[in-house]
Every structure is written in C-alpha cells, then in structure tokens.
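# Coordinates for the following, if possible.
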Amino acid sequence: MRRHLPKRLFRMRAFGRWLALGALCSVSCDSTLPSARLRTEVHLPIPTIAAELPGPSRLTRVDCGESYRLTPHSVIEIAFDNEPDIKSSYQRYMSEEARYDFFVVSRDSLTPRMVTRNDISESRTNVPDSARPGRLTGAVSRRRQNSVEFNVEKQFFDTTELDFGVGLSTLARDETDGVQPFLSASVRYPLWVSRQKLERTSEEIFRRNELSTAQLGYIQTVRSRLENALRSFFNVLNLRRQVDHAASWERDLRNLTTRMEEIAGRDLTTDRSRVRAELAKASAFLGEIAGRLDIDRERLKGSCGLPFHAQIQLVDEAFNPFLGAAHDDLLRASIETDPEIATLRNEQRNAEVQLDLARRGKWDVSLLFDANSNLDGGTDLDGNSDWQLSVGVDVSAVDSRVTDSLGRQAQARIARFRQAIIARENRIFVDTLEPIIRIETLGASRDELKANIPRFREDFVSGIEQYIQGTLNIDDIVKRRESLFDQQQRVARLTFIVGINIAQLCTATGKFFDLINDHTDTADVDRALGPVP
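Alright, predicted model coming up:
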C-alpha cells in the first residue's frame with residue numbers, strides 16, 4: 001500500500017523553499033549600477049541629447065528660422081546643449097561607463113536557471129538459478145528518473161561564489177516509484193586577500209582609470225568648447241562695437257560735408273578733398289569690419305552648435321560671475337570644487353586600495369561549504385530522506401612576484417596622481433591670479449577711457465562750429481574725429497580683453513560647471529519663429 005506525505009505539510013515546505021530563494025534574489029541583486037555610484041563623487045552636468053538636423057537643412061541659410069537671444073549666460077547653456085564635440089565626448093564617457101558596468105556586473109551577477117533531466121537505464125546481472133542448481137540466470141533491472149531543478153548562481157565581486165538549488169525528482173525502478181524533493185547549496189568564501197581577488201581588483205582599478213580618463217576628457221572638452229563659445233561671443237560683440245563706431249565716424253564725416261555747404265566766401269576745394277579722403281578711409285574700414293562681423297557671426301553659431309539658418313540677437317550686458325571674490329577665496333573654492341581634482345583624488349584612492357591589497361595578499365585562504373539533501377519522499381519511497389554536508393578550507397601561498405609587481409604599480413600610480421593634483425592646483429593658482437589681475441587693471445583703464453569719450457565728442461562738435469566760423473582748419477577737425485574713433489576703439493578692445501579673461505577664469509576655476517548646474521532661469525534664451533529684427 002502506498003503512503004503519501006500530507007499535502008499541507010508538503011506545500012508549507014515548498015513555500016519555505018521558494019521564500020528563501022526569493023530572499024536570496026532580493027538580497028543579492030543591486031539595481032544601482034557601479035558607474036552611478038561613482039558619478040555621485042564628481043558632479044557633472046549632462047548635455048541635452050536630441051535629434052540633429054541633416055546636413056543640408058542645418059547648413060542652408062533661410063530668411064525665417066529659429067531665433068536665439070544670446071547673452072553670456074545663454075551662450076554657455078546653449079553651447080553646452082548643442083556643441084557637437086561636447087556631445088561626442090559625453091557619449092565616449094557613457095561608453096566607458098557601460099564598459100565599466102559590464103565588467104563589474106558580469107562578475108557580480110545573479111544567474112537563475114532551470115534544468116530538466118530524463119534518465120533511463122537498464123542493467124543485467126547473473127544470479128544463481130534456484131530451480132536449477134549450479135546454473136546461472138540473467139536478471140534485468142530497469143530505472144527511469146525524471147527531475148526538474150530550479151537553481152540560482154550568485155557571484156560576488158570579491159570572488160565569493162554561491163549556488164542554491166531546489167528541485168523535484170520522480171523515480172520509477174522495478175516495483176518502486178515515488179516523488180523525491182531535494183535541495184542543494186555550495187559556497188566558496190574568501191577569508192583572506194586571495195590572488196584571484198588581487199587580480200580582479202587590479203583589473204577593476206584599470207577599468208575605473210579608463211573611465212576616469214574619459215571623464216577627464218569630457219571635463220576638458222566642456223571647458224575648452226565653452227570658453228571658445230564665450231570668446232567667440234565677446235569677439236562678435238567687439239566687432240559689432242567697431243562697426244557702430246565706424247558707422248558713426250562715417251556719419252559724422254557726411255554731416256560735416258553737409259555743414260560745409262553752409263560756408264560762403266571761402267575756397268573749400270582742398271578741405272572737401274581732405275574730407276572725402278577721410279570719408280573713404282572710414283567707409284573702407286566699415287566695409288572690412290562689417291565683412292568680418294558677418295563671418296564671425298556664423299562662426300559664433302558653429303561654436304554654439306546652432307544651425308546656420310538660425311537667427312541670433314546679441315545682448316551686450318555686463319558679465320562677471322567673480323565680482324567681490326578675493327583671490328584666496330576663489331582659489332580655495334576652485335580647488336575644492338574642481339571636477340578634475342576630484343577625479344584625480346578618486347584615482348589616487350583606488351591606487352591606495354590596490355597597494356593595501358598587494359601588501360596583505362600573501363596567502364590565499366577560502367572557506368568551502370557544500371550541502372545537499374533529499375527530503376522526505378512520497379509513495380513507495382516511504383518517507384526516506386538523506387542529506388550530506390561538507391566544510392573545508394583551501395589554503396595556498398601567493399607568488400611574491402605577483403604582489404610585488406602590483407605593489408610597485410600601485411605606488412607609482414599614487415605618486416603620479418599626487419603630482420597630477422599638485423600640477424592642477426598650480427595651474428588653478430596661476431590661471432586664476434593672472435586673469436583676476438588683468439580684469440581689475442584693464443577694467444579700471446577701460447572705465448577711465450570710457451569716461452573721457454564725452455569730452456572727445458564735445459571737442460569734435462565744438463571744433464565744427466569753430467571751423468565754420470573760420471577759426472579752426474580742417475586737419476584739426478579730422479584729427480579730433482580720429483581721436484574720438486581711436487578712443488572708442490581702445491575702449492572696445494579693453495572690453496573685449498576683459499571678457500576674454502573672464503572666460504579664461506571660468507575655465508581655470510571650473511565656474512562653467514557651476515553656471516550650468518545652478519543657472520535655471522531660461523528667460524534669456526528666447527526662441528521664436530521668424531527673423532530677429
């Protein structure tokens with residue numbers, strides 16, 4: 001007569017096994033990617049990734065296109081989101097992140113699987129024939145076993161290996177058949193720094209350094225491209241000021257020609273020739289600067305990553321995010337928040353971990369655990385069960401040449417990163433000191449020259465009246481207007497140089513990243529259909 005286990009008890013045991021398996025899966029799986037944990041140490045802005053216009057559409061100039069109102073702040077944001085080299089460098093950084101994640105996750109993976117088996121066997125043996133003494137007869141034994149096993153294999157990055165399985169087997173052998181559930185588990189746990197862990201950690205540090213190199217490349221690309229866009233913006237503003245000055249110069253000379261018509265009773269042939277020559281000079285300069293302005297406006301679009309059919313309106317406004325900042329405070333803040341220094345410090349810490357592992361990795365000691373159990377069976381197995389458990393320790397010595405080479409490599413990397421940090425700090429010191437001094441000195445000179453421009457204008461206007469009255473010659477009038485133009489050009493040139501130094505200071509201090517992360521006001525980025533007036 002067949003005997004069966006109570007169904008309720010069997011279901012409770014099965015539920016317990018699946019509960020343990022689910023707990024193992026939930027504890028072992030970490031949804032946070034390794035690169036995401038690393039990224040929290042260095043805060044980097046992410047450019048907007050959008051579909052790009054095809055070449056012909058992007059390059060074709062049209063009368064009505066998307067318009068942009070450009071200020072220094074909006075140039076930084078627009079260039080960051082649209083400049084192709086920044087996006088390319090960011091995608092390379094993302095590629096290295098994916099490679100690093102693949103390396104870590106593939107060695108810290110959870111692998112569930114299901115295995116089914118169908119075994120059929122038959123054996124023949126010779127046994128004494130009871131009916132005929134002295135004779136042998138053949139006996140046939142047949143066996144058929146079907147099994148299904150659910151297994152979870154978990155590998156940890158520290159080289160720990162865990163394997164857990166639960167299954168069910170049906171056995172039919174001669175006159176006996178039944179159902180047999182079973183469990184199995186095996187663990188390999190490193191008790192000390194193993195050679196395998198040393199090699200894996202060294203490879204992980206190499207992969208992380210590759211990621212850091214791509215990260216540094218992205219940081220440097222953002223800096224250089226945003227500085228280039230800001231330089232281009234200040235250059236176009238400078239050319240536009242020169243165009244305005246030249247146009248004003250030409251307009252004043254034409255007005256002078258009109259005023260000369262009021263003079264009667266004097267021979268003005270020579271004077272008119274002198275004014276026409278000066279007018280030709282002003283017109284030629286205006287045409288040259290206007291041509292350069294048209295070209296550099298297109299170059300500004302390219303440096304910002306804008307399509308060339310876009311219309312842009314430049315707003316000439318004050319821009320100095322370093323007002324009131326002392327050099328020491330600015331230097332300290334730059335070093336503390338500099339993404340490149342943060343990346344180098346991370347690499348130095350990685351090398352220090354590698355050195356510590358190399359010094360401790362003299363022995364390879366691992367704990368071995370293996371267990372399996374056939375639980376109470378049903379039907380003709382009559383509740384039979386068995387289990388097996390084994391525990392052991394695997395001890396081996398690590399070749400000293402392996403640890404020595406890893407140690408030397410780690411020490412060299414630590415020294416290299418320390419020097420790289422010092423070099424970066426030195427660059428920040430010099431690259432912040434020079435622009436700050438130039439901004440202060442040149443800005444003061446610019447303000448003094450700008451304050452004198454109304455006097456030059458008054459001298460020219462009063463000189464015209466004196467010329468009409470016959471108390472001043474034409475050469476003095478022309479020289480006074482040239483002096484006014486030269487003064488305006490000097491002010492424009494100093495304003496441009498101050499802007500260039502502000503862009504350099506943004507690069508040296510990493511201020512671009514603060515402006516991108518902190519600037520949330522999009523009111524100065526106006527987009528509309530139709531040309532800008």
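# Against Ala264, how distant is the residue nearest to Arg266 when sequence neighbours are not counted?
Excluding its sequence neighbours, the residue lying closest to Arg266 (Cβ to Cβ, 6 or more residues apart in numbering) is Gly470, at 7.1 Å. Using the backbone N, CA and C atoms, a C-beta is placed for each residue, glycine as well. Separation of Gly470 from Ala264 (Cβ to Cβ, to the nearest Å): 11 Å.
# Which one's more surrounded, the two?
Gly470 (10 against 6; other Cβ atoms under 10 Å).
# Quickly note the distance from that one to Gly499.
For Gly470 relative to Gly499 (Cβ to Cβ), the value is 45 Å.
# Over to Glu336?
Distance, Glu336 to Gly499, by Cβ to Cβ: 26 Å.
# and the two? which has more neighbours close in?
Each of Glu336 and Gly499 has its neighbours counted (other Cβ under 10 Å); Gly499 has more, 21 against 9.
# For the closest residue to the more buried one other than its chain neighbours, give me its contacts.
Excluding the flanking residues, the one nearest Gly499 by Cβ to Cβ, 6+ apart is Phe234, at 3.6 Å. Under the criterion of Cβ atoms under 8 Å, 6 or more residues apart in numbering, the neighbours of Phe234 are Phe496, Gly499, Ile500, Ala503.
# any idea which of these has the most stuff around it?
Ala503 (25 neighbours).
# secondary structure class for that one?
helix (DSSP: H, G, I helix; E, B strand; the rest coil).
# these two touch, right, it and Ser224?
No - counting by Cβ atoms under 8 Å, Ala503 stays clear of Ser224, with 10.7 Å between them.
# so how far is Ser74 from Ile516?
Using Cβ to Cβ, Ile516 is found at 12 Å from Ser74.
# got the contact list for stretch 485-496?
Residues contacting stretch 485-496 (Cβ under 8 Å, 6+ apart): 234-235, 237-238, 241-242, 245-246, 248-249, 282, 442-443, 445-446, 449-450, 452-453, 456.
# Where do the domain boundaries of this protein fall?
Following automatic domain parsing, the chain resolves into domains at 70-102+203-352+409-529, 110-126+137-155+160-193+363-397.
# quick one, which of the ones you listed is packed in tightest?
Highest mean neighbour count of the domains of the chain: domain 70-102+203-352+409-529, a mean of 17 (counted as mean count of other Cβ atoms under 10 Å).
# okay, Val127: pLDDT?
Note on Val127: pLDDT of 64.
# Kindly report the same for the one 10 residues further on.
Confidence at Thr137, expressed as pLDDT, is 67.
# same thing with Phe456?
Looking at Phe456, its pLDDT reads 94.
# Please report how far the residue nearest to it when sequence neighbours are not counted lies from Gly443.
Leaving out its chain neighbours, the residue that sits closest to Phe456 by Cβ to Cβ, 6+ apart is Leu484, at 4.1 Å. When distance is defined by Cβ to Cβ, Leu484 is 22 Å away from Gly443.
# Surely Asp244 is within a helix?
Yes - Asp244 forms part of a helix when assessed by three-state DSSP.
# if I look at the closest residue to His245 other than its chain neighbours, how far off is Leu33?
Nearest residue to His245, sequence neighbours excluded (Cβ to Cβ, 6+ apart): Gln488, at 4.4 Å. Gln488 sits at a distance of 57 Å from Leu33 (criterion: Cβ to Cβ).
# thought Thr48 was touching Asp81?
Yes - contact criterion Cβ under 8 Å: Thr48 and Asp81 qualify, at 4.1 Å.
# Strands of this structure, start to end?
66-70, 110-128, 136-155, 161-173, 176-190, 311-314, 363-374, 386-397, 527-529 (DSSP state E).
# strands paired with the fourth one, and their directions?
It stands for strand 161-173. strand 136-155 (antiparallel), strand 176-190 (antiparallel) (DSSP bridges).
# what is the orientation angle of the longest one with strand 110-128?
Strand 136-155 runs at 170 degrees relative to strand 110-128, counting by axes from the mean of the first three to the mean of the last three Cα atoms, to 10 degrees.
# Could you dump the strands paired with strand 161-173 into TSV and include distance to Ile295?
Compiled in TSV, the strands paired with strand 161-173 are given as follows (distance: least, Cβ to Cβ, whole Å):
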stretch	distance to Ile295
strand 136-155	60
strand 176-190	65
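# Any regions of the stretch 101-250 of the chain where pLDDT drops low?
For the stretch 101-250 of the chain, the stretches with pLDDT under 70 are 126-127, 129-132, 134-140, 173-176, 192-195.
# Apologies, that question was intended for the stretch 301-450 of the chain.
Using pLDDT under 70, the flagged stretches of the stretch 301-450 of the chain are 361, 376-385.
# Between the strands paired with strand 161-173, which one is closest to Arg480.
strand 136-155 (85.1 Å; Cβ to Cβ).
# export that closest one as CSV, just CAs?
What follows is strand 136-155, C-alpha atoms only, in CSV (Å, rounded to 0.1, in the frame of the first residue of the first chain):
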residue,chain,number,x,y,z
LEU,A,136,23.1,-19.0,-13.6
THR,A,137,20.2,-17.0,-14.9
GLY,A,138,20.1,-13.3,-16.0
ALA,A,139,18.2,-10.7,-14.0
VAL,A,140,17.1,-7.4,-15.6
SER,A,141,16.8,-4.1,-13.6
ARG,A,142,15.2,-1.1,-15.2
ARG,A,143,15.4,2.5,-13.8
ARG,A,144,13.7,5.7,-15.0
GLN,A,145,14.2,9.1,-13.3
ASN,A,146,12.8,12.5,-14.3
SER,A,147,13.8,15.6,-12.5
VAL,A,148,13.4,19.4,-12.6
GLU,A,149,15.7,21.7,-10.7
PHE,A,150,15.4,25.5,-10.1
ASN,A,151,18.9,26.9,-9.4
VAL,A,152,20.3,30.3,-8.6
GLU,A,153,24.0,31.0,-9.0
LYS,A,154,25.4,34.2,-7.4
GLN,A,155,28.8,35.5,-8.0
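# surely Val315 meets His73?
No - under the criterion of Cβ under 8 Å, Val315 lies out of contact with His73, with a separation of 10.0 Å.
# Mind giving me the packing neighbours of the longest helix seen in the chain?
Ordering each helix of the chain by length in residues (DSSP state H) puts helix 400-469 first. If you count contacts as 3 or more Cβ pairs under 8 Å, 6 or more residues apart in numbering; DSSP states H and E, helix 400-469 packs onto helix 195-260, helix 327-337, helix 339-360, helix 474-509.
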